[in-house]
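J.: Provided below are the primary sequence and the corresponding predicted coordinates.
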Amino acid sequence: MKQLLAAALLLASPALAQDLPDLGGREVVVTVENAYPPLQFIEPASGAAIGWEYDAMAEIAQRLNMAVSYETISWDAMIPAVSEGQYDIGMTGITIREDRAEMVDFSDAYMRSEMVMLVRGDEARFSDAAGFAADDDLLMAAQPGTTPFYVGVYDVLDGDEANPRIRLFETFGAGVQALRTGDVDLVLTDGTAGRGYVAASDGALKVVGETLGAEDFGFIFPKGADLLAPVNAAIAAMQADGTLDALNTRWFLDYKMGE
């Protein structure tokens, strides 16, 4: 499904934009998953695709004078599709990793996040990673090929990627729903998304234990893409003028899921 960029750009900085490359209205197709709030998701009340990454990409588009359209795709197909040049950019909170960088080019990091353990609000059987690992009856939800999947396998469990205690789901949201209904007992997620889910859950969810490491997020491009340098320049300008901090405040502090 293609969605034309329609959101107004709230945080434009014309002075800085004048110092950035002008792409002359170039049409750019960005592929998204729309399943990773608050970075990108479908707002239940309106049905609109919104989130931190949408606002950031809209700001980048204005600063670089490019026209952005969106197409949705599943997570497992995104990196191969961008690698093959089917799309110009991919975005869905993608952790910058060396193995992925063999297939695609990453932008500079636009966000750093720490992994946390999301559980039901009444969970009392475990309070940290060791406690979860010690109870063979407990199950974890994960999307295959994602950072939470690998952290779950190697930092929480036994290193066996086929461990039956990991139940695989196509989307992050489906895993969270399985947690809420009791089909699984743990979801690993970055701290920002985790806090958003907890805040919107009215006590049904909570975060336990220590953080399980940090990850940097970046946009992905086909190898050698000429868009990479302009986008990196825009990210640097947005970091310098406080735009990224403003987006963090808007989506991780002010925005409340479900309200």
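T.: Sure, I can see it.

J.: Please report how far the residue most central in space within the chain lies from residue 251.
T.: Among the residues of the chain, the one closest to the centroid is residue 93, at 2.3 Å (C-alpha atoms, centre = their mean). Per C-beta to C-beta, to the nearest Å, residue 93 is found 12 Å from residue 251. (Glycine included, C-beta is placed from N, CA and C.)

J.: anything in contact with each of these two?
T.: Taking C-beta atoms under 8 Å, 6 or more residues apart in numbering as the criterion, residue 93 and residue 251 both touch residue 39.

J.: thinking again about what came up before, which strands and helices sit next to the helix or strand containing the residue nearest to the centre of the chain?
T.: If you go by DSSP states H and E, residue 93 is part of strand 89-95. On a contact count with 3 or more C-beta pairs under 8 Å, 6 or more residues apart in numbering; DSSP states H and E, strand 89-95 meets strand 26-32, strand 35-36, strand 40-42, helix 52-64, helix 75-83, strand 214-222.

J.: For burial, what's the neighbour tally of residue 109?
T.: 15 (other C-beta atoms under 10 Å).

J.: my bad, should have said residue 144
T.: 13.

J.: Excluding chain neighbours, what is closest to it?
T.: Leaving aside its sequence neighbours, residue 144 sits nearest to residue 168 (C-beta to C-beta, 6 or more residues apart in numbering; 5.3 Å).

J.: got the contact list for the one you found?
T.: 141, 142, 143, 144, 149.

J.: Please convert the buried members of these into ChimeraX selection syntax.
T.: A single ChimeraX command selects the buried members of the contacts of residue 168 (16 or more other C-beta atoms under 10 Å):
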select :141,142,143,149
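
J.: Taking the contacts of residue 168, tell me the two that lie furthest apart.
T.: Spatially, the most separated pair among these is 141 and 144, at 11.2 Å (C-beta to C-beta).

J.: Point out where this structure drops to low pLDDT.
T.: Residues of the chain that meet the criterion pLDDT under 70 lie in 1-18, 256-259.

J.: can you pull out the strands in it?
T.: For the chain, the strands defined by DSSP state E cover 2-4, 26-32, 35-36, 40-42, 49-50, 66-72, 89-95, 104-106, 111-120, 140-142, 166-168, 186-190, 205-208, 214-222.

J.: Run a quick neighbour tally on the closest residue to residue 148 other than its chain neighbours.
T.: Of all residues not flanking residue 148 in the chain, residue 188 sits nearest, at 3.8 Å (C-beta to C-beta, 6+ apart). When neighbours are counted by other C-beta under 10 Å, residue 188 registers 24.
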